[in-house]
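Asker: Provided below for reference: sequence and predicted model.
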Amino acid sequence: MNLVVIGATGRTGSEIVAEASGRGHDVVGVATSADTVEDVRVYPDDELPRLLEDADAAIDFTVPAATREHVERVVEAGVPYVVGTTGFGEAGLDALRGASKSIPVLKASNFARGVQALLRLVEAGVEALPEYDIELTETHHSGKRDAPSGTANTILDVVDSAARSKLDRTHGREGEHKREKSEVGVHVRRAGTVRGEHELLLAGNDEVLTLTHRAESRRVFAAGAVDAAEWLADADAGWYAFGDVL
Ligand SMILES: NC(=O)C1=CN([C@@H]2O[C@H](COP(=O)(O)OP(=O)(O)OC[C@H]3O[C@@H](n4cnc5c(N)ncnc54)[C@H](O)[C@@H]3O)[C@@H](O)[C@H]2O)C=CC1
Ligand SMILES: O=C(O)C1=N[C@H](C(=O)O)C[C@H](O)C1
C-alpha cells in the first residue's frame, strides 16, 4: 500500500512509519517541518494534497487543530483516513463524522489490541458489580497535551453504557469532599516516559477489582494503526471503530 503518515516525526508517528515500512508498504511522512524518519522522507504539511494523490490510506497522529485542517484535504483526495489523534472537541468530532459521509474514517483513542479487550472486561465488571464504587486512573508521559486521555474517555463511555444509573465524572478531589454514590472518580497522572496506563477500580464492601492495561512501547499502537489502515483501504465510506478490524 501507499501510506501517508501525518505526524511522522512524532513519538507515535515515527513508530508507525517504522511499522509500515517494515511490512513493505510505500510510506511518506508529513509533519510540521521536513525531516527523514527511518529512511522515509517527511514533508511539511503544505505538501499534504500532493502526497495524498497516490495514497491508499492516510494515518493521522498529530494534534486536534492539525487534524481538523487535514480532514478537508483527505476528503478532497478521497483517501481512507485512520485517526489516532485525541483531545477533540465536539466541532472536531463533527468534522470527522462529516468526512465519513464521503470517505471511510476509522477513529480510535487507542489502537492497542489489549485495550479492546479491556473495554469488554470493563463492561462485564460494571454490569456484574452495579453497586460498586468506580474510580479511573490514567498515567502518561510528561509530554502529553490532553487530559483525561482519549482512552480514559472511551472507558468512561463504556462505564456509562453499562451502569444502571447515570454517573457524574468527578475529576480529582480536594478539600472536604465526601464521595457521592453517583460519582465516578477520574484521576490523571503525567510523569516521565510512561507510554500509557489505564486502571479501572471497582470497590465494594471488603473487596476491590482492578482492571489495568499498560502499553510497554508505542509499537503496540503502531501495529494497530497499520492494521486499521490495511483494513480500511477496502472499506466503503463510513464511520468505523478499531473493534471492526479485530
Ligand atoms: N489512538 C492511539 O492509539 C494513540 C493516540 N495517540 C495520540 O496521538 C497524538 C500524537 O501523540 P504523540 O505522538 O505523542 O505526539 P507528538 O507531539 O510526539 O507528535 C505530534 C506530531 O504531529 C505533527 N504535527 C503537529 N502539527 C501538525 C500539522 N499542522 N501538520 C502536520 N503535522 C503536524 C508534529 O510534527 C509531530 O510529528 C495525540 O493526540 C495522542 O493522544 C498517541 C498514541 C496512541
Ligand atoms: O498521548 C499518548 O501517548 C497516548 N494517547 C492516547 C490517549 O489519549 O488515550 C492513547 C495512548 O494511551 C497513548
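Answerer: In hand now; what should we look at? Ligands and ions are numbered 1, 2, ... in the order given.
Asker: how close does the residue nearest to G84 when sequence neighbours are not counted get to G29?
Answerer: Computed as CB to CB, 6 or more residues apart in numbering, the closest residue to G84 that is not its neighbour in sequence is F61, at 4.4 Å. C-beta coordinates here come from the backbone N, C-alpha and C atoms, glycine included. Distance from F61 to G29, counting by CB to CB, to the nearest Å: 11 Å.
Asker: tell me, what's touching those two both at once?
Answerer: Counting by CB atoms under 8 Å, 6 or more residues apart in numbering, the contacts common to F61 and G29 are 5-6, 13.
Asker: can those go into CSV with extra columns for secondary structure?
Answerer: Formatted as CSV, these follow (DSSP: H, G, I helix; E, B strand; the rest coil):
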residue, secondary structure
V5, strand
I6, strand
G13, helix
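Asker: give me every residue in this protein lying close to ligand 1.
Answerer: 6-13, 30-32, 45, 61-63, 66, 84-87, 108-111, 150, 221 (CB under 6 Å from any ligand atom).
Asker: what subset of the residues you listed is buried?
Answerer: By neighbour count, with 16 or more other CB atoms under 10 Å, the residues of the chain next to ligand 1 hold 6-10, 12-13, 30-31, 45, 61-63, 66, 84-87, 108-111, 150, 221 as buried.
Asker: and the strands in this protein?
Answerer: Using DSSP state E, the strands of the chain run over 2-6, 26-31, 35-37, 40-44, 57-60, 81-83, 104-107, 133-140, 168-171, 183-190, 197-204, 207-214, 238-240.
Asker: partners of the first one in the sheet?
Answerer: If I follow you right, that is strand 2-6. Using DSSP bridges, strand 2-6 pairs in its sheet with strand 26-31 (parallel), strand 57-60 (parallel).
Asker: mind giving me the domain ranges of this structure?
Answerer: What the TED database lists as the domains of the chain is 2-111+218-245, 113-215.
Asker: dump these to JSON lines, plus mean pLDDT and distance to ligand 2.
Answerer: What follows is those, written out as JSON lines (pLDDT from 0 to 100; distance: least, CB to the nearest ligand atom, whole Å):
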{"stretch": "domain 2-111+218-245", "mean pLDDT": "97", "distance to ligand 2": "4"}
{"stretch": "domain 113-215", "mean pLDDT": "97", "distance to ligand 2": "3"}
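Asker: tell me the phi and psi of the residue nearest to G84?
Answerer: Dihedral pair for F61: phi -130, psi 80, per degrees, to the nearest 10.
Asker: what sits against it?
Answerer: Applying CB under 8 Å, 6+ apart, we find F61 in contact with 5-7, 10, 12-13, 16, 84-85, 225.
Asker: and with 7 Å instead?
Answerer: By CB atoms under 7 Å, 6 or more residues apart in numbering, the contact list for F61 reads 7, 10, 12-13, 16, 84-85.
Asker: could you do A31 as well?
Answerer: Contact analysis of A31 by CB under 7 Å, 6+ apart lists 7-9, 42.
Asker: report the longest helix in the chain, please.
Answerer: Ranked by number of residues, the top helix in the chain under DSSP state H is helix 113-128.
Asker: which helices and strands sit right next to it?
Answerer: Secondary-structure packing of helix 113-128 (3 or more CB pairs under 7 Å, 6 or more residues apart in numbering; DSSP states H and E): helix 150-162, strand 197-204, strand 207-214.
Asker: hmm, who's touching it?
Answerer: Identification of contacts with helix 113-128 by CB under 7 Å, 6+ apart yields 134, 151, 154-155, 158-159, 162-163, 198, 200, 202, 209, 211, 213, 224, 242-243, 246.
Asker: how does it look with 6 Å?
Answerer: For helix 113-128, contacts defined as CB atoms under 6 Å, 6 or more residues apart in numbering pick out 155, 158-159, 162-163, 200, 202, 209, 211, 213, 243, 246.
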